[in-house]
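Novice: this is a predicted model, with the sequence first.
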Amino acid sequence: MTPLRFLGICGSLRRASTNRGLLRAAAARLPEQVTLDVAELSDIPFYNADITEKPASVVRVLKQIADADALVFACPEYNYSLAPALKNILDWASREPNNALIAGKAAAIMGAGGGMGTSRSQYHLRQVCVFLDLHLLNKPEVFSNAFAGGFDADGNLTDEKIAALLGDQMRALADWTRRIRG
Ligand SMILES: Cc1cc2nc3c(=O)[nH]c(=O)nc-3n(C[C@H](O)[C@H](O)[C@H](O)COP(=O)(O)O)c2cc1C
């Protein structure tokens, strides 16, 4: 079986992020031959076309994206949409000639937020991914409530049902990635 590298990209920058907690829980439930690293976005500046030489932090994350077989987005919901840190790194990544960095890559989305479980922001992110030509996994979807006792104070996932769903999603993403790579 081909080994696969997943890259987690989290839209929340805060230390005790529940969305980052989802990525940690997913990383603990990967199928065989799959690894998941998480990109650090806290030092990524806002995209600005006047910045002609990419900052080292941007180069670092774009290389991680290039090296990944699939992307795993942890997508908080800010005012009914995706968080700026997540959109910003996708904007940086999309400026490579012919969108070569991300076009055709597999991806999956998970999220922790209010009562709707980030469904609204996830569907906005899906729309963005259409233009980016990412191949998103459809199911299982992972919508979790960050305020209903499913996470501890450090953002670690304690909800066993969501944890099992993350394991299912990582298995599905591995199958999907291998299918679309042929
Ligand atoms: C600017 C802002 C806007 C928010 N808007 C929403 C929202 O529209 N829907 C929602 O479910 N939660 C909303 N929230 C709450 C976030 O979902 C909550 O802070 C969540 O825990 C963020 O993820 P994190 O734990 O990974 O930081 C908002 C939070 C912030 C900071």
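Specialist: Thanks, I have it.

Novice: does Pro76 touch Gly114 like I think?
Specialist: No. Look at Pro76 against Gly114 with C-beta atoms under 8 Å: they stay out of range, at 9.7 Å. All C-beta atoms are positioned from the backbone trio N, CA, C, and that covers glycine.

Novice: the more surrounded of these two?
Specialist: Pro76 (27 against 14; other C-beta atoms under 10 Å).

Novice: quick one: that one and the ligand, what's the gap?
Specialist: 4 Å (C-beta to the nearest ligand atom, to the nearest Å).

Novice: who's in contact with that residue?
Specialist: When contacts are counted by C-beta atoms under 8 Å, 6 or more residues apart in numbering, Pro76 touches 11-12, 17, 19, 82-83, 86, 111-113, 118, 121.

Novice: by neighbours, which of those residues wins?
Specialist: Thr118 (32 neighbours).

Novice: go through the contacts of Pro76 and flag which are in strands.
Specialist: If you go by DSSP state E, the contacts of Pro76 have 82, 111-113 in strands.

Novice: so which of those residues are also by the ligand?
Specialist: Filtering these for proximity to the ligand (criterion: C-beta under 6 Å from any ligand atom) leaves 112-113.

Novice: what residues does the chain have near the ligand?
Specialist: Along the chain, the residues adjacent to the ligand under the rule C-beta under 6 Å from any ligand atom are 12, 14, 17-19, 76-80, 112-114, 116, 146, 155.

Novice: restricted to helices, list those.
Specialist: 18-19 (DSSP state H).
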